[in-house]
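> quick one: sequence plus predicted model below, questions after.
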Amino acid sequence: MTHSIIEIGPFQLILALVFILAAGGASLYHGLKLEKDLLVGTIRTFAQLFLLGYVLKFVFRLDSVWLVLAVFLFMIVFAVRIIRSRIVEKQVAFFWPMLISMTISYAVVAFLITGVVIGAKPWWKPQYFIPLAGMLIGNSMNAVAISLDRLLGELKKRRQEVEMMLCLGADYREASKDMVKNAMRAGMIPSINSMMAVGVVFIPGMMTGQILAGADPLTAIRYQILVMVMLVGCTAILSFLGVRIVCRLCFGPSQQLLLKPEKNRPTPPK
Amino acid sequence: MRNADCGIKNNIIDFKDVTFVFEGKAPLFSDLTLSIEKGAFYLVQGPSGAGKTTFLRLINRLEEPISGEIRFQNKPFDSYSPPVLRRSLLYIQQTPTVVDGSVAENLLLPFSFKNNGHLTRPGQEKLEALLREVHLKDVEMSDHAMNLSVGQIQRLCLVRGLLLSPEILLLDEPTSALDRKSAQAVMALIERLNVESDLTILIVTHKAYGQGRVKPRYLRIEDGRIEESS
């Protein structure tokens, strides 16, 4: 199945802004005060995606492994920053441990998918590696943020229970087992739900994009299956790793729970 | 009446120049040096916010001092694994906490932890005898722990802690939610363990101590200092 893709020109893009105007009108009418956010969001969408388009064109043309890896690392750094910013609890400094573990996990999964499963040559071929890694990072970032937010929230809320177990001779893993389990489940559920609903409730963006670009729907679904499986696997690995790492950071060297109410935070030992 | 006239000093806990500070506040304890004698029965008293609970939490290592050293049986805390240390210096929180499960599951919870794997699980008879001793004879092993009253949970937590045979029992207001009779039963059990098993006891309490089997020693915490009196 081949057809040429219909180009979207500047006029069509501007026409699409009607939807934003409608949303802005609704916000004004109901006093939602979202007009500024809508404006900023629209400008950022245009600016970021145009920038991405030019960056990808540049990266595809240069075809350099170092450039591909630099883009890959850049995406991960921003993902960890977004995760950090989304989590209300700021007592635990997890930026660096998460950055290292996410980089290793993404690198392994992205290499397996592009190099081994798809068989792209070379394995870092930008047309495959960057979009697939981007989807991987974008989707699992949400899962990690949900998992960590749940973990930190539960540890803080159930502090009495955790300390009770510590007092009775539990180590930090035993004392936080229930919270770790709940956090991992919370992170995994959205991607499992997506697997249940895909093709019935919604047609995923990547598959839609491929079909619009003229790909055979049967080729598009194979890519989509690959992506969904990859996402669930990566989400599981990262939820597991992230939750484990951050959970350890919530406890001090003598396995005391560090998450405390603001007025009761001890000064750390010298 | 056994502790006041104890001739040989045998310290179980030693604080040496311990300083503890909550973030952004003046030090709660500065260069605190004191000893807790083995087998003694202490009542820890002082105004609200003076640091009574924090003092117990420092002994249990739920809090870490910013400087100084705390020793258990003449060895620094660092020479013990934290779970083993905490089990030996057992702290029972002011807010009694149980997990979602039956009374029996809660009582046997500590025996599911790997550091307690070598301890013998108590049999049904021992559990029931201890529950009877703290006036919980109407509580069934199959009852859901979360359905018990606060006073009953308080006693359940005490019994659960005692099953671990600790070296020191650190109790934070153990009778705060109990009626007079139940409070007396709890205190009688604690006194019995102190007298018969030489268990060191530290109790944070606001209540006056009546006539009992032991003569307590008092630790008064105020303005960052801890002073002992008989």
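Good, I have the coordinates.

> what residues does chain B put near chain A?
B:20-23, B:60-67, B:77, B:82-84, B:86-87, B:90-93, B:95, B:97, B:99, B:109-110, B:112-116, B:157, B:160-161, B:164 (CB under 8 Å from any CB of the partner chain). (Glycine included, C-beta is placed from N, CA and C.)

> does A:Leu155 touch A:Val162 like I think?
Yes: in this structure, A:Leu155 is within contact of A:Val162 by CB atoms under 8 Å, at 6.4 Å.

> which residues do those two both contact?
Common contacts of A:Leu155 and A:Val162, defined by CB atoms under 8 Å, 6 or more residues apart in numbering or on different chains, comprise A:176, A:179, A:257.

> nearest spatial neighbour of the first one, skipping sequence neighbours?
Translated: A:Ser176. Nearest residue to A:Ser176 in three dimensions, chain neighbours excluded: A:Cys247, at 5.5 Å (CB to CB, 6 or more residues apart in numbering or on different chains).

> pretty sure the one you found belongs to a strand, no?
No: secondary structure of A:Cys247 (DSSP: H, G, I helix; E, B strand; the rest coil): helix, not part of a strand.

> counting neighbours, what do you get for it?
If you count neighbours by other CB atoms under 10 Å in any protein chain shown, A:Cys247 ends up with 22.

> so who does it touch?
Here A:Cys247 is in contact with A:151, A:155, A:172-173, A:176, A:179-180 (criterion: CB under 8 Å, 6+ apart).

> just the buried subset of the residues you listed, please.
Taking 16 or more other CB atoms under 10 Å in any protein chain shown as the criterion, what is buried in the contacts of A:Cys247 is A:151, A:155, A:172, A:176, A:179-180.

> got any ranges where chain B has weak pLDDT?
Applying pLDDT under 70 to chain B flags residues B:1-9, B:230.

> report the central residue of it.
The residue lying closest to the centre of chain B (CA atoms, centre = their mean) is B:Leu170, at 1.7 Å.

> contacts for the helix or strand containing that one, please.
Per DSSP states H and E, B:Leu170 falls inside strand B:168-172. Applying CB under 8 Å, 6+ apart, the contact partners of strand B:168-172 are B:12-13, B:36, B:52-53, B:56, B:59-60, B:88-94, B:158, B:161-162, B:190, B:193, B:199-204.

> okay but B:Glu37 is in contact with B:Asp14, surely?
No: B:Glu37 is not in contact with B:Asp14 according to CB under 8 Å; the separation is 10.3 Å.

> in the stretch 101-250 of chain A, what residue comes closest to chain B?
Nearest to chain B, among the residues of the stretch 101-250 of chain A, is A:Gly169, at 3.5 Å (CB to the nearest CB).

> what residues does the helix or strand containing B:Arg86 touch?
If you go by DSSP H and E, B:Arg86 is part of helix B:82-88. With CB under 8 Å, 6+ apart as the test, helix B:82-88 has contacts from A:166-171, A:254-256, B:60-62, B:72, B:77, B:80, B:110, B:113, B:115-116, B:164, B:166-168.

> ok, now stretch B:54-64?
A:163, A:166-167, A:252-254, A:256-257, A:266, A:268-269, B:13, B:15, B:18, B:20, B:28-29, B:36, B:44, B:65, B:70, B:77, B:82, B:85-86, B:89-91, B:168, B:170, B:172, B:202, B:204, B:219, B:221, B:226.

> need the buried ones from the residues you listed selected in ChimeraX.
Burial among the contacts of stretch B:54-64 is assessed by 16+ other CB under 10 Å; the matching ChimeraX selection reads:
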select /A:163,166,167,252,254,256,257,266 /B:13,15,18,20,28,29,36,44,65,70,77,82,85,86,89,90,91,168,170,172,202,204,219,221,226
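
> most proximal residue of chain B with respect to chain A?
Nearest residue of chain B to chain A (CB to the nearest CB) works out as B:Arg87 at 3.5 Å.

> in the sheet, who's paired with the closest residue to B:Ile203 other than its chain neighbours?
Spatially, and ignoring its direct neighbours in sequence, B:Ile203 is nearest to B:Leu171 (4.6 Å; CB to CB, 6+ apart). Beta-bridge pairing for B:Leu171 (DSSP bridges): B:Ile92, B:Ile203.

> A:Gly153 - how many residues pack around it?
If you count neighbours by other CB under 10 Å, A:Gly153 ends up with 18.

> doesn't A:Glu89 make contact with it?
Yes: assessed by CB under 8 Å, A:Gly153 is found in contact with A:Glu89 at 7.1 Å.

> follow-up on the earlier one: inside helices: which ones of the contacts of stretch B:54-64?
Secondary structure from DSSP state H places A:163, A:166-167, B:82, B:85-86 of the contacts of stretch B:54-64 in helices.

> check whether the residue with the largest distance to the centre of chain B sits in a helix, strand or coil.
Within chain B, the residue lying farthest from the chain centre (CA atoms, centre = their mean) is B:Gly24, at 28.8 Å. Secondary structure, three-state DSSP: B:Gly24 is coil.

> need the contact list for it.
Per CB under 8 Å, 6+ apart, neighbours of B:Gly24: none.

> what about it, distance to A:Leu259?
Per CB to CB, to the nearest Å, B:Gly24 is found 17 Å from A:Leu259.

> can you list contacts of the helix or strand hosting A:Leu73?
Using DSSP H and E, A:Leu73 sits within helix A:65-86. Contacts to helix A:65-86, defined as CB under 8 Å, 6+ apart, come from residues A:55, A:59, A:94-95, A:98-99, A:102-103, A:106-107, A:110, A:122, A:124, A:126, A:129-130, A:133-134, A:137-138, A:141, A:144-145, A:148-149.
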